[in-house]
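J.: Based on what follows, work out the 3D shape:
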Amino acid sequence: MAATLDVITDGRTELGIGAGWYEEEYSAYGYQYFSDITRILQLEESIQIIKKLWTQKVADFYGKYYSTKDAVCLPMDHLTFSTCGGFHVPSRTACSAQ
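T.: Numbering: from 1, shown residues only. A predicted model of the protein is given here:
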C-alpha cells in the first residue's frame with residue numbers, strides 16, 4: 001500500500017516503521033510481546049524484506065523470524081522510510097532514514 005500511495009502522491013510518501021514498544025497493544029491484537037532485542041531483530045528482517053519488495057521483481061527472503069517466497073510488490077518503488085527506537089521518552093529517540 002505504501003508503494004501505491006507513493007505513486008499517487010508523486011513521491012511524497014515516507015514509511016515510518018519501528019520495533020514496537022507498547023506491550024498492551026501487542027496483547028490487544030493477540031501478538032506475543034518479545035524482548036527488546038528480539039523485536040529489533042524482527043524489525044531488521046522486516047526492513048530487508050521491504051527493500052527487496054521495492055527493488056526486485058520477485059522477493060525471496062529466509063530469516064530467523066520471517067520468510068517470503070516469490071513475493072511481489074507492485075508498483076515497485078524506491079520509497080524513503082525511517083526507523084526509530086526510543087526509551088519511552090521522545091527526547092531520547094534515535095531515528096535513521098533508509
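
J.: For the spatially closest residue to Gly20 that is not a sequence neighbour, grab phi and psi.
T.: Nearest residue to Gly20 in three dimensions, chain neighbours excluded: Arg39, at 5.6 Å (Cβ to Cβ, 6 or more residues apart in numbering). C-betas here are computed from N, CA, C, even on glycine. Backbone torsions of Arg39, given as degrees, to the nearest 10, read phi -60, psi -40.

J.: Spell out, range by range, the helices that occur in the chain.
T.: Per DSSP state H, the chain carries helices over the ranges 2-8, 23-29, 36-55.

J.: Format those helices as TSV; extra columns: mean neighbour count and mean pLDDT.
T.: Shown next, in TSV, are the helices of the chain (neighbours: other Cβ atoms under 10 Å; pLDDT from 0 to 100):
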stretch	mean neighbour count	mean pLDDT
helix 2-8	15	82
helix 23-29	10	95
helix 36-55	16	90
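
J.: Tell me which of these lies nearest to Tyr65.
T.: Across the helices of the chain, Tyr65 has its closest neighbour in helix 36-55 (4.7 Å, Cβ to Cβ).

J.: circling back to that earlier point, state the distance from the residue nearest to Gly20 to Trp21.
T.: 8 Å (Cβ to Cβ, to the nearest Å).

J.: follow-up on the earlier one: so which of the helices of the chain gets nearest Gly63?
T.: helix 36-55 (4.2 Å).

J.: Which strands and helices lie in contact with the closest one?
T.: If you count contacts as 3 or more Cβ pairs under 8 Å, 6 or more residues apart in numbering; DSSP states H and E, helix 36-55 packs onto strand 14-18, strand 59-62, strand 67-71, strand 80-85.

J.: Go through the ones you listed and name the closest to Ser35.
T.: Proximity to Ser35, assessed across the helices and strands packed on helix 36-55 by Cβ to Cβ, is greatest for strand 80-85 (13.6 Å).
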